[in-house]
Every structure is written in C-alpha cells, then in structure tokens.
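Colleague: whatever this is, show me its structure:
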Amino acid sequence: IGVTGVQTCALPISHMARDQHYRAALALDRDGRILALRMEMLANIGAVPVGSSAMIPLAMVAKVATSAYRVPAVDYRIKGVLTNTMATGAYRGAGRPEGNYLIERLLEKASREMGIDRVELRRRNLLKPHELPYRTHVGETYDSGEFERMLDAALRAADWNGFAKRKEDARGKLRGRAVSVYLEWTGALPTETVDIEIDAEGTVTVFSGTQAMGQGLETTYTQLVEEVLGVRPEKIRIVQGDTDRANGVGSVGSRSAFV
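Modeller: So this is what the prediction gives:
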C-alpha cells in the first residue's frame with residue numbers, strides 16, 4: 001500500500017509552517033497486520049535554517065511515524081532541503097502531525113484496498129497492554145497504554161455506529177466521518193527547577209520558570225503541591241515567569257506540566 005504526495009501543516013497563517021514531500025509504502029499480510037513501513041521524505045527547511053528546522057523532520061517525525069501501532073520493520077530516508085522560502089521551525093505540532101498523518105493515510109488506503117473495516121484494521125495493529133513497555137525503532141519507549149480501550153471509548157462518545165441514521169437525517173446536507181489514532185510525545189528539555197517558600201502563616205508560594213499560555217498550569221501546579229505537601233488549595237500561591245525569582249528553562253515544547 002503506497003502513497004505519494006505533499007504534506008503541509010495546514011494552519012491559519014503560514015509563518016514557519018512545514019513543507020514536506022512524502023513517498024511511502026506500508027506492507028501488510030493477508031489478515032491486515034502490518035509487516036513494514038517505508039518512508040522517503042524531502043523536507044523543506046527554508047533558506048535560513050533556525051534551531052529546530054532540521055530537527056523536526058529528521059528526528060521528531062520519525063519518533064511518531066509508527067504511532068501506537070505494532071510495526072516490525074521500518075525504512076526511513078529523510079532529507080532536509082534548503083530552498084528560497086521562509087525558514088521552518090517548531091510552529092505548532094513540531095513534526096507530530098506530519099508523522100501521524102502519514103501512517104493514518106496509509107492505513108486508510110489499506111482499509112479500502114483490502115476491504116477491511118477501517119476501525120478493525122487499526123484495532124488489529126494497535127499495541128496491546130501486555131506488549132508494553134515497547135521500544136520503537138528509533139529508541140523511544142512506550143511505558144504504558146491501553147490504546148484499544150481509548151479507541152473504543154472515542155467511538156462510543158462519537159456514536160460511530162449511529163452514523164447511518166444521522167446520514168439519513170442530513171436533510172440534503174453531505175455527511176462524512178473519519179477515524180484516526182494520534183500519538184503525541186512531549187517534555188522537551190526534561191529538567192526544570194522550582195523554588196518553594198513557606199511563610200509563617202503556612203502559605204506555600206511556588207516560583208516556576210514556566211509561564212502558562214492558556215493551558216491551566218496554575219491549576220495543575222496547585223493540585224501537585226496539594227497532593228505532595230498536603231496543603232489546602234487556598235494556601236497555595238503560584239508565581240510563574242518572574243525572572244527576579246524563578247530559575248529554569250521556561251515554557252517550550254509542551255513541556256511545562258510534564259517536567
């Protein structure tokens with residue numbers, strides 16, 4: 001099963017988005033179980049590479065190209081190409097959307113060509129809990145996971161089996177559906193310092209070099225402190241990004257809560 005084409009990171013604005021050209025093939029046995037993945041990619045990294053330009057296609061895509069599936073053998077050939085375009089970089093997703101898109105596109109094509117239900121094909125190839133921890137071909141280890149249970153829960157929440165009825169009731173509108181499995185990794189630069197002060201009133205103040213950008217880190221940090229120190233939430237104060245008080249790397253690479 002093969003695909004050829006261009007995969008770009010579709011975003012509202014194009015600044016630093018990726019531009020990647022793939023030629024890929026997926027080998028399966030007659031029962032629809034994956035045997036091997038071959039991927040060739042030309043990655044446009046722009047005219048003036050920045051710190052993460054080459055790292056995204058050469059390292060990050062390969063980390064997730066097999067997603068949560070059992071893939072016995074892989075052949076990756078990735079080349080970074082200098083062009084006359086804007087530099088590319090870690091602008092949203094940083095390689096994970098591209099790698100996940102590729103394997104899902106191949107599985108969708110395999111489902112249609114082999115006549116195997118798209119959900120069933122994915123289910124057959126998802127790693128099972130007893131196979132974990134699982135080490136990928138590029139050295140990443142999945143320590144735990146119940147991927148099939150998560151897929152089933154998502155299908156129930158989406159009323160996947162009720163699609164035919166919804167399509168009948170579409171009142172002249174077109175309806176479609178799709179399913180995909182997405183593997184994410186996070187925690188770049190896995191060190192961060194946190195300074196904690198406790199005053200005479202019992203108030204705990206946490207100084208962190210990370211800075212929330214809408215993901216609710218204040219709540220997460222408060223819950224962690226509450227659990228570890230046994231302090232009531234109203235006695236906890238979170239201070240983020242104060243360069244006079246905090247030390248650390250800062251917020252980058254979806255790392256804050258993880259580290």
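Colleague: gap between D143 and R112?
Modeller: D143 is 34 Å from R112, where distance means Cβ to Cβ, to the nearest Å. In short, each C-beta sits where N, CA and C put it, glycine included.
Colleague: more neighbours, those two?
Modeller: Set D143 next to R112 and count neighbours by other Cβ atoms under 10 Å: R112 wins out with 12 against 7.
Colleague: in three-state terms, label that one for me.
Modeller: With DSSP: H, G, I helix; E, B strand; the rest coil as the basis, R112 sits in helix.
Colleague: likewise Q215?
Modeller: Under three-state DSSP, Q215 comes out as coil.
Colleague: which residues touch it?
Modeller: S256, A257 (Cβ atoms under 8 Å, 6 or more residues apart in numbering).
Colleague: state the distance from it to G187.
Modeller: Using Cβ to Cβ, one gets 14 Å for the distance from Q215 to G187.
Colleague: mind saving the C-alpha coords of stretch 239-256 as CSV?
Modeller: C-alpha atoms of stretch 239-256 as CSV (Å, rounded to 0.1, in the frame of the first residue of the first chain):
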residue,chain,number,x,y,z
VAL,A,239,4.1,32.6,40.6
GLN,A,240,5.2,31.9,37.0
GLY,A,241,7.8,33.5,34.8
ASP,A,242,9.1,36.0,37.3
THR,A,243,12.7,36.5,36.2
ASP,A,244,13.7,38.0,39.5
ARG,A,245,12.7,34.9,41.5
ALA,A,246,12.4,31.9,39.1
ASN,A,247,15.1,29.7,37.6
GLY,A,248,14.7,27.3,34.8
VAL,A,249,14.4,26.7,31.1
GLY,A,250,10.9,28.1,30.6
SER,A,251,7.9,27.1,28.5
VAL,A,252,8.8,25.4,25.3
GLY,A,253,7.9,22.2,23.6
SER,A,254,4.7,21.4,25.5
ARG,A,255,6.9,20.6,28.5
SER,A,256,5.7,22.6,31.5
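Colleague: any buried residues in it, and which?
Modeller: V239, Q240, A246, G248, V249, G250, S251, G253, S254, R255, S256 (16 or more other Cβ atoms under 10 Å).
Colleague: same question for it, mean pLDDT?
Modeller: On average, the pLDDT along stretch 239-256 is 84.
Colleague: what's in contact with it?
Modeller: 90, 94, 186-195, 205-213, 215, 217-218.
Colleague: helix or strand for the nearest residue to V48 once chain neighbours are set aside, which one?
Modeller: Of all residues not flanking V48 in the chain, A87 sits nearest, at 4.9 Å (Cβ to Cβ, 6 or more residues apart in numbering). Counting by DSSP states H and E, no helix or strand carries A87.
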